[in-house]
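Undergrad: Kindly generate the corresponding structure for this input.
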Amino acid sequence: MPIQIQRRYLETLRPSAHQPPAGNPSTNIANMQSNLSRRSHPKTRTGCKTCKARKIKCDEQRPACKNCIKHGVACGFLSSPSRDPMFSLSAQAGTLNFLDLELLHHYCNYTAYTLSENPVMREFWRLNVVKLGIECDYVMRSILSLAALHLAHLCPDRRDGLLEKSMIHHEMSSRAAVSLMQDVQDSNKAQLFIFSVLTIYIVLANSHHLSEAPLAGTDQSPDWIVLFCGTRYLVGEPNTNPLVSPIVSRTIRHIQTRERPYHHTHLGDLEANINASERDDGLLAIYNHAIDELYKSYGVFYECLEPQDITDVFVWIAMVADDFLPLLRDSRQKALVIFLHFCALLKQLPSRWWLDSWSANLYAKTYELLDDEHRPWIRDASFDLGEICL
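TA: Numbering: from 1, shown residues only. You can find the predicted model right below:
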């Protein structure tokens, strides 16, 4: 089930309490070549503890390595005993943590307003979510983590310390939430749902540190897809908590809105090219289903009166996850072309600090995977100019 996949993903963010047993270096390198089909790298003893625990190569960038920044976890390099007392999470009893207070103030007055175009949803993020956070530690830590990322975006001179604070809060919130996801209860369903949505924002906001191709060359779905599918599962669960009713009812309403008849012609050429060239009936059915669902996303986006929202676009991923995403991971050219039309829609969303670099990176790196035969299928060949001409 999607929530189980999401839980397994969050478990990978938890640093181990011990180092992995040492093995024969040549055997380890051979195993890495066999399992990952990558060029081996010399072993190093200077990487961060988190990367060592997760058995992945660390780039040793300080104050935090790119792997830990990408996944929103506390980097082993950040565990130095000389850390500024202001960043301590365990200050003595009775002492106010002024940075956390600053982050909560920043979230309520600034960050919350960047999470949606809808006025009702902005108030939901500003008031309802904070109320949930006051009652739930891992929700509050997620709020503070996201606020720290936003403040780091606005204040480059404080970037390193704020990224550290964000990663610490997010690692601690993930550690608390992952055990609860093994058995979701009515009492924590709302909190886990909000935690999951906030985690999506955190992962997207960290995406500008991503350097590898976001879809190909792995047997697992990208982090954002795993998180979104798990979050959609929680939306579908009955939830009686009035604090989350605005976002749950809005999401369900947007899913239902997709079933209206639409009249745009944005994907006509794409559909014609796919049907004229694909000879495998099984693949053709998968491609046509993906195009049909994307047609609905374009319809909601361009023909509905409400302000465009990221939910209207992302729901497409959940609708095609089972059959279509494996074709993306295999870099099937027609699947990449369809996905680029999804990416183009993302780039049409209103500019947001947590979205812009991620959507541009996703579009550009996916386009790089196309061969010369299929690049003409993308009308927007000048994606680097940021102009969508679909």
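Undergrad: Next SSE downstream of the worst-scoring helix or strand of the chain on mean pLDDT?
TA: Lowest by mean pLDDT, DSSP states H and E among the helices and strands of the chain is helix 25-36, with a mean of 38. Using DSSP states H and E, the helix or strand that follows helix 25-36 towards the C-terminus is helix 49-54.
Undergrad: avg pLDDT for that next one?
TA: Confidence for helix 49-54, expressed as mean pLDDT, is 77.
Undergrad: could you dump it to CSV, C-alpha only?
TA: Output in CSV follows, covering the C-alpha atoms of helix 49-54 (Å, rounded to 0.1, in the frame of the first residue of the first chain):
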residue,chain,number,x,y,z
LYS,A,49,28.0,9.5,9.8
THR,A,50,24.6,9.6,8.3
CYS,A,51,25.9,8.6,4.8
LYS,A,52,28.0,5.9,6.4
ALA,A,53,24.9,4.5,8.2
ARG,A,54,22.9,4.6,5.0
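Undergrad: same for it, what does it pack against?
TA: Using 3 or more CB pairs under 8 Å, 6 or more residues apart in numbering; DSSP states H and E, the elements in contact with helix 49-54 are helix 66-71. C-betas here are computed from N, CA, C, even on glycine.
Undergrad: Quick check: residue 116 touching residue 125?
TA: Yes: assessed by CB atoms under 8 Å, residue 116 is found in contact with residue 125 at 6.6 Å.
Undergrad: Between the two, tell me which one has more neighbours.
TA: When residue 116 and residue 125 are compared for neighbours, residue 125 comes out ahead with 26 against 21, by other CB atoms under 10 Å.
Undergrad: Leaving out sequence neighbours, find the closest residue to that one.
TA: In space, and not counting its chain neighbours, residue 125 is closest to residue 112: 4.1 Å by CB to CB, 6 or more residues apart in numbering.
Undergrad: Relative to residue 59, how far out is the one you found?
TA: 33 Å (CB to CB, to the nearest Å).
Undergrad: more crowded one of the two?
TA: Neighbour comparison, residue 112 and residue 59: the larger count goes to residue 112, with 23 against 13 (by other CB under 10 Å).
Undergrad: what sits against the more buried one?
TA: Contacts for residue 112 (CB atoms under 8 Å, 6 or more residues apart in numbering) come out as 122, 125-126, 129.
Undergrad: again, but for residue 372
TA: Under the criterion of CB under 8 Å, 6+ apart, residue 372 has no neighbours.
Undergrad: three-state assignment of it?
TA: Counting by DSSP: H, G, I helix; E, B strand; the rest coil, the backbone at residue 372 sits in coil.
Undergrad: Output the below-cut-off pLDDT ranges for the protein.
TA: Within the chain, the ranges that satisfy pLDDT under 70 run 1-45, 63, 69-94, 208-240, 307, 379-390.
Undergrad: Going along the chain, name the helices of the stretch 1-150 of the chain.
TA: 2-11, 25-36, 49-54, 66-71, 98-109, 119-123, 129-135, 137-154 (DSSP state H, counting those that start in this stretch).
Undergrad: which phi and psi does the nearest residue to residue 296 once chain neighbours are set aside have?
TA: Once flanking residues are discounted, residue 296 sits nearest to residue 258: 4.1 Å by CB to CB, 6+ apart. Note on residue 258: backbone dihedrals following degrees, to the nearest 10 are phi -60, psi -20.
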